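>>> The sequence and its predicted three-dimensional model are supplied below.
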Amino acid sequence: MNIFDIMGPIMVGPSSSHTAGACRIGYVARQLLGEELVEAKIKLHGSFAATGKGHGTDKAIVAGLMGMMPDDERIPDSFNIAKEKNIKIEVVKEQLKTECANAAGLELSSASGKKLNLIGASLGGGRISIEQIDGIDTRFSCDYPTLIVRNVDQPGHIAEVTSTLAHKSVNVATLNLYRDKRGGFAVMIVETDQDIPESAIKWIEHLEGILKVTYINISKEI
């Protein structure tokens, strides 16, 4: 347990789970999209759907999608800011396939036509869990520097990624693998103890069979 489990994060309120956590879900989703956002469908699930309006959950998610952190004073005005940026936002209530009571599904589209579907859950105290990416079940928090590698499911990728990190003196804290089917598409989630150099990320991006690499280090933004 740390101080954030007791006091919660520095944030624009009123709720660490419904506001701060929601903002972080939006922020991580925007990083995973990796391009300029033009359209977002936000599906509020469970408690997010029942009480999210009063807690500003929808505003917090939209703020995160535009790169804002939970302590950003612009969060209450996020819908107006999105409108100024010509970002189309739709918010609905929907039952999602997740056991978490505080969750949101995001369907995002970029200016180039790229799409991302994601389910994120808020665990309390501003902590989150990304439960699904493009139909592939996952589970990661972004509490540590986190490397998300999407690749073709074939031999050798784990060794290539971990050896690259070792060469840069980056210690792997956790490594989890997820895939839709054998020989299909896979997601590798690598949490590390140190910041990952940009040179390592660039090297991994150019490995055969790697589809996309995303690096998220929220601690650097706080």
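On my side now, so go ahead.
>>> now the helices for the chain?
3-7, 21-33, 47-55, 57-65, 78-84, 157-167, 198-205 (DSSP state H).
>>> Out of those helices, name the one with the poorest average pLDDT.
Lowest mean pLDDT within the helices of the chain: helix 3-7, a mean of 41.
>>> tell me the centre residue of the protein?
Residue closest to the mean C-alpha point of the chain, counted by Cα atoms, centre = their mean, is residue 28 at 2.7 Å.
>>> Look at residue 141 and say how many residues are nearby.
18 (other Cβ atoms under 10 Å). Heads up, the C-betas are built off the backbone N, CA and C, glycines and all.
>>> Angles on the backbone of it, please.
Phi and psi for residue 141, reported as degrees, to the nearest 10, are phi -110, psi -20.
>>> how about it, what does it touch?
123, 127, 128, 129, 130 (Cβ atoms under 8 Å, 6 or more residues apart in numbering).
>>> pLDDT score for the residue nearest to the first one when sequence neighbours are not counted?
Beyond its immediate neighbours in the sequence, the residue positioned closest to residue 123 (Cβ to Cβ, 6 or more residues apart in numbering) is residue 129, lying 5.9 Å away. pLDDT, residue 129: 94.
>>> Return the distance of residue 129 relative to residue 169.
Taking Cβ to Cβ, to the nearest Å as the measure, residue 129 falls 29 Å from residue 169.
>>> neighbour count winner among the two?
Between residue 129 and residue 169, counted using other Cβ under 10 Å, residue 129 has the larger neighbour count: 20 against 8.
>>> Look up the closest residue to the residue nearest to the centre of the chain, ignoring the ones flanking it.
residue 142 (5.6 Å).
>>> Ramachandran coordinates for the one you found?
The phi/psi pair for residue 142 (degrees, to the nearest 10) reads phi 60, psi 20.
>>> okay, now it: neighbour count?
Neighbours of residue 142 (other Cβ under 10 Å): 23.
>>> What segments of this protein are strands?
Taking DSSP state E, the strands of the chain run over residues 37-46, 88-93, 102-110, 115-124, 127-133, 136-140, 146-152, 172-179, 185-192, 210-216.
>>> isn't residue 28 right up against residue 119?
No - Residue 28 lies out of contact with residue 119 (Cβ atoms under 8 Å); the separation is 11.5 Å.
>>> Overlap in contacts, those two.
Common contacts of residue 28 and residue 119, defined by Cβ under 8 Å, 6+ apart, comprise residue 130.
>>> returning to that earlier point: with distance to residue 56 added, can I get the strands of the chain in TSV?
Output for the strands of the chain, formatted as TSV (distance: least, Cβ to Cβ, whole Å):
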stretch	distance to residue 56
strand 37-46	12
strand 88-93	12
strand 102-110	13
strand 115-124	13
strand 127-133	16
strand 136-140	25
strand 146-152	26
strand 172-179	31
strand 185-192	29
strand 210-216	23
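>>> re the thing from before, can you check which of the helices of the chain gets nearest to residue 175?
With Cβ to Cβ as the measure, helix 157-167 is the member of the helices of the chain nearest residue 175 (7.2 Å).
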